[in-house]
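Pasting a predicted model and its sequence here:
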Amino acid sequence: MSKYRRDGDRMSREPERFDEIHAEILESAQKARWDGLSRARVIKKMEALDTAMPRRIAVYYARQNRPLSHTDILPFVSMLKSVGVTANLDLVVVSPGGDGTAAEKILGLCRRYCTKQLRVVVPLYAKSAATLLALGADEILMGETSELGPIDAQVDVLQDGLTQQVSADHFLRAKRMCIHEMRSSDKARAEAAQIQLTLLSPAFLQHCQDLMNFSRKFAKDQLWAHMFREELKLDATEWDDKIEKIVKNLTASSKHLLHGRMITADDISKDNDLKYLKVKALARDDPYWKLLNQLLLRTEISSQLDDFGKMLFAQKFQLVAG
């Protein structure tokens, strides 16, 4: 059996000693974990697809247990600096959501580095605050595996010794229900509702209301400023009404029931309120989508091998967080 093997265009000797084999395995594992050069090549191909509107690509990837937060800001701006000021920017987002104020700051940074069209690309999931990020784009790109989610604000509550996240809108709905029941002619029902209402702290309810107001204002301001900027110039009354309906839809826990409920491109196209969102649904054989899928698979595999929670990368930038 030959002791040599082909390595690209050259022949190399098969490793035989322990240290040689050990070094080869470590090198292979390291390449598989980081895979930075391969990702950079994929991004370069994606950026070269649209010659009419050249664009740069930046990627924010986070696993389900790693929320968007203000600790992302400095790495994010470093990534944007590596990209530089560009006319058109595609921000690829994979995120379970997190801090809405961090999303607000990230959008502001993107607008500083993007002078024309900002697209948010959702290859897998962009939920909650990450959906708010998407609403701040000029256009959203989605495909067969993509999902957005409701944007009703979440609050931490202690239940049976465990901290759980509950929609702020749930508490506000409970308040309205108690007030309604207190008007009941059934004395027992009215008294029970009054007792339940006293268990809800006024300060906490106001906090819930403020959180919901922030989500609504964030979404409305972004849609006004960017996605529907031109439409509002033509008919401000009509498009303001459409924006209000979009925001009401996405913040209504009574409609979506679960905060984690998925909203696909197909759902958006069929919904009477959401259908006005500028969502471009890419076919599975679209060249951009195929490369994006390859990029996502490489990132997913690397995250599993090296067990990292977040990665921010562009063609000439890569940063991994545990």
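Yes, it's here. Numbers count the residues shown, from 1 in each chain.

just the strands in the stretch 101-250 of the chain please.
Under the criterion DSSP state E, counting those that start in this stretch, strands of the stretch 101-250 of the chain are mapped to 114-122, 139-142, 154-159, 162-167.

highest average neighbour count across these?
Greatest average neighbour count among these goes to strand 139-142 (a mean of 23), per mean count of other CB atoms under 10 Å. Every residue, glycine included, has its C-beta placed from N, CA and C.

For that one, name the packing helices and strands.
strand 114-122, strand 279-281 (3 or more CB pairs under 8 Å, 6 or more residues apart in numbering; DSSP states H and E).

nearest to residue 264, of the ones you listed?
Of all the helices and strands packed on strand 139-142, strand 279-281 sits nearest to residue 264, with 8.9 Å by CB to CB.

name the helices or strands packed onto that closest one?
Secondary elements touching strand 279-281 (3+ CB pairs under 8 Å, 6+ apart): strand 139-142, helix 265-270.

residues in contact with residue 130?
Each residue near residue 130 by CB atoms under 8 Å, 6 or more residues apart in numbering is listed here: 68, 93, 95, 96, 97, 98, 103.

likewise residue 99?
Per CB under 8 Å, 6+ apart, neighbours of residue 99: 67, 68, 69, 70, 129.

In those residues, find the pair that's most separated.
Using CB to CB, the contacts of residue 99 span at most 11.6 Å, a distance reached by 70 and 129.

so what sits against both of these two?
What both residue 70 and residue 129 touch, as defined by CB under 8 Å, 6+ apart, is the set 99, 102.

So for the two, which sits in the more crowded spot?
Neighbour count, other CB atoms under 10 Å: between residue 70 and residue 129, residue 129 has more, with 27 against 12.

And the more buried one, what's its pLDDT?
Predicted confidence (pLDDT) for residue 129: 96.

From residue 317, how far off is it?
Counting by CB to CB, to the nearest Å, the gap from residue 129 to residue 317 is 23 Å.

Flag the shaky bits of the stretch 201-322 of the chain, pLDDT-wise.
The stretch 201-322 of the chain contains residues with pLDDT under 70 at 322.

possible to save the helices and strands packed on strand 279-281 as JSON lines with distance to residue 210?
JSON lines is the format used below for the helices and strands packed on strand 279-281 (distance: least, CB to CB, whole Å):
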{"stretch": "strand 139-142", "distance to residue 210": "27"}
{"stretch": "helix 265-270", "distance to residue 210": "28"}
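
out of the strands of the stretch 101-250 of the chain, nearest to residue 310?
Of all those, it is strand 114-122 that lies closest to residue 310, at 16.6 Å by CB to CB.

what pLDDT, on average, does the closest one get?
Averaged over strand 114-122, pLDDT sits at 97.

What helices and strands are in contact with that strand?
Under the contact definition 3+ CB pairs under 8 Å, 6+ apart, strand 114-122 sits against strand 86-94, helix 129-135, strand 139-142.

From the chain's centroid, how far away is the shortest one?
What it means is strand 139-142. 12 Å (CA atoms, centre = their mean, to the nearest Å).

ditto for the second one
The chain centroid and the centroid of helix 129-135 are separated by 6 Å, computed with CA atoms, centre = their mean.

Please work out which of the helices and strands packed on strand 114-122 is packed deepest.
Counting by mean count of other CB under 10 Å, helix 129-135 has the highest mean neighbour count of those, with a mean of 27.

Can you show me the helices along the stretch 1-150 of the chain?
18-34, 36-47, 73-83, 100-113, 129-135 (DSSP state H, counting those that start in this stretch).

and the fourth one, which residues are buried?
Yep, that's helix 100-113 we're talking about. Buried positions in helix 100-113, judged by neighbour count with 16 or more other CB atoms under 10 Å: 100, 102, 103, 104, 105, 106, 107, 110, 113.

can you check the second one too?
Residues of helix 36-47 classed as buried by neighbour count (16+ other CB under 10 Å): 36, 39, 40, 42, 43, 46, 47.

Can you tell me what sits against it?
The contact list for helix 36-47 (CB under 8 Å, 6+ apart) reads 54-57, 59, 90, 288, 291-292, 294-295, 298-299, 313-316, 318.

quick one, that helix and strand 86-94 angle?
Between helix 36-47 and strand 86-94, the angle formed by their directions is 120 degrees, by axes from the mean of the first three to the mean of the last three CA atoms, to 10 degrees.

Could you do the fourth one as well?
Using the same axes, to 10 degrees, the direction of helix 100-113 lies 150 degrees away from that of strand 86-94.

packing partners for helix 100-113?
Against helix 100-113 (3+ CB pairs under 8 Å, 6+ apart) you get helix 73-83, strand 86-94, helix 129-135, helix 202-222.

can I get the ones you listed in TSV with distance to residue 238?
Converted to TSV, the helices and strands packed on helix 100-113 look like this (distance: least, CB to CB, whole Å):
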stretch	distance to residue 238
helix 73-83	35
strand 86-94	28
helix 129-135	19
helix 202-222	15
